[in-house]
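Trainee: Give the three-dimensional model of this entry:
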Amino acid sequence: MWEALRYPFRGDHAEKALLSAWLCVLVHALILPVLALVPLLGYAIRVLATGEDDTPPPFLERTVLRQSLGGLALTAVYAVVPLVTTIVVISLFVADGEPPAEADAIFFLFGSTATLIVLAIFAYVLPIGLANYGRERTLRAGVTNLTSVAGNAIYFVGWASGTMLFLVGVSISSVLIDAGSVFTVLGSFVGAYAVIVSSRRIGRSYADSQSQ
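Mentor: Residues are numbered from 1 along each chain as shown. You can find the predicted model right below:
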């Protein structure tokens, strides 16, 4: 994990890459919500796909923009099952605008648990698909050859710690951005740093699990 925390500051492309990621989050916070984060998704894919490298890849490349758009499409494909599951569970238990009766509580609990499991699987498998796509540069690669990495303990440990870094970093970033003023600038940096670090942690475990 400590290696991932130092990763954004290593190599010839480190400063420009971190600055570009920072600007993406800052523009997202101030001017262009969500859309400004699209290039950052492409860069996260590059970091995931180059986990065997010791230094960050360059940000200012056409590949980053192309893979941003492909990553959006791939994420949408992966999100179909969790979205459908969530909609079905909500419609079954709140169809009449009323919360579930006591007699239905166990079924509501089952449905909610099933939804959480599906969301967890989505979050676990998506980085593998994005890393495959980043390496092979085809959308088909993003939905194939998932199980060998997903079933590896090295990937699980890296994914769990990387996800923790992402959630903690984004939470701190959101609080700072909401505070406004100079904290928005600081929060944007924290958010960009969290994305790169978490992508590195997961990408390194992805590469290590494939090399076994």
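
Trainee: all contacts plus neighbour counts: C-alpha atoms, from now on.
Mentor: OK.

Trainee: The residue most central in space within the chain is in what secondary structure piece?
Mentor: Closest residue to the average C-alpha location of the chain: Pro127 at 6.7 Å, with CA atoms, centre = their mean. Here Pro127, judged by DSSP states H and E, is contained in helix 105-136.

Trainee: returning to what we had before: quick check: the residue nearest to the centre of the chain vs Ala73, distance?
Mentor: 14 Å (CA to CA, to the nearest Å).

Trainee: hang on, the earlier thing: wait, the residue nearest to the centre of the chain touches Val47, no?
Mentor: No: between Pro127 and Val47 there is no contact under CA atoms under 8 Å: 10.7 Å.

Trainee: picking up where we left off before, what residues are up against the residue nearest to the centre of the chain?
Mentor: By CA atoms under 8 Å, 6 or more residues apart in numbering, the contact set of Pro127 is Leu48, Ile202.

Trainee: do the same with Phe183
Mentor: Counted by CA under 8 Å, 6+ apart, Phe183 has contacts Leu176, Ile177.

Trainee: Okay, buried residues for the helix or strand hosting it please.
Mentor: Using DSSP H and E, Phe183 sits within helix 182-211. For helix 182-211, a neighbour-count test (16 or more other CA atoms under 10 Å) marks 183-209 as buried.

Trainee: swap in stretch 109-126?
Mentor: Gly111, Ser112, Ala114, Thr115, Val118, Leu119, Phe122, Ala123, Tyr124, Val125, Leu126.

Trainee: Format those as CSV; extra columns: pLDDT and distance to Val27.
Mentor: Formatted as CSV, the buried residues of stretch 109-126 follow (pLDDT from 0 to 100; distance: CA to CA, whole Å):
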residue, pLDDT, distance to Val27
Gly111, 76, 38
Ser112, 80, 36
Ala114, 84, 37
Thr115, 86, 33
Val118, 90, 32
Leu119, 91, 29
Phe122, 93, 28
Ala123, 94, 26
Tyr124, 96, 28
Val125, 96, 29
Leu126, 96, 26
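
Trainee: Report the inter-axis angle for the helix holding Pro127 versus helix 182-211.
Mentor: 80 degrees (axes from the mean of the first three to the mean of the last three CA atoms, to 10 degrees).

Trainee: Now the next helix or strand along the chain from helix 105-136 - C-alpha only, PDB.
Mentor: Next helix or strand after helix 105-136 toward the C-terminus (DSSP H and E): helix 147-150. The C-alpha atoms that make up helix 147-150 are tabulated as PDB, following Å, rounded to 0.1, in the frame of the first residue of the first chain:
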ATOM      1  CA  THR A 147     -12.300 -15.400 -13.500                       C
ATOM      2  CA  SER A 148      -8.500 -16.100 -13.400                       C
ATOM      3  CA  VAL A 149      -7.800 -12.700 -11.800                       C
ATOM      4  CA  ALA A 150     -11.100 -12.500  -9.800                       C
END
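
Trainee: pLDDT of the helix or strand following helix 147-150, averaged?
Mentor: Under the assignment DSSP H and E, the closest C-terminal helix or strand after helix 147-150 is helix 153-179. Taken as a whole, helix 153-179 has a mean pLDDT of 95.
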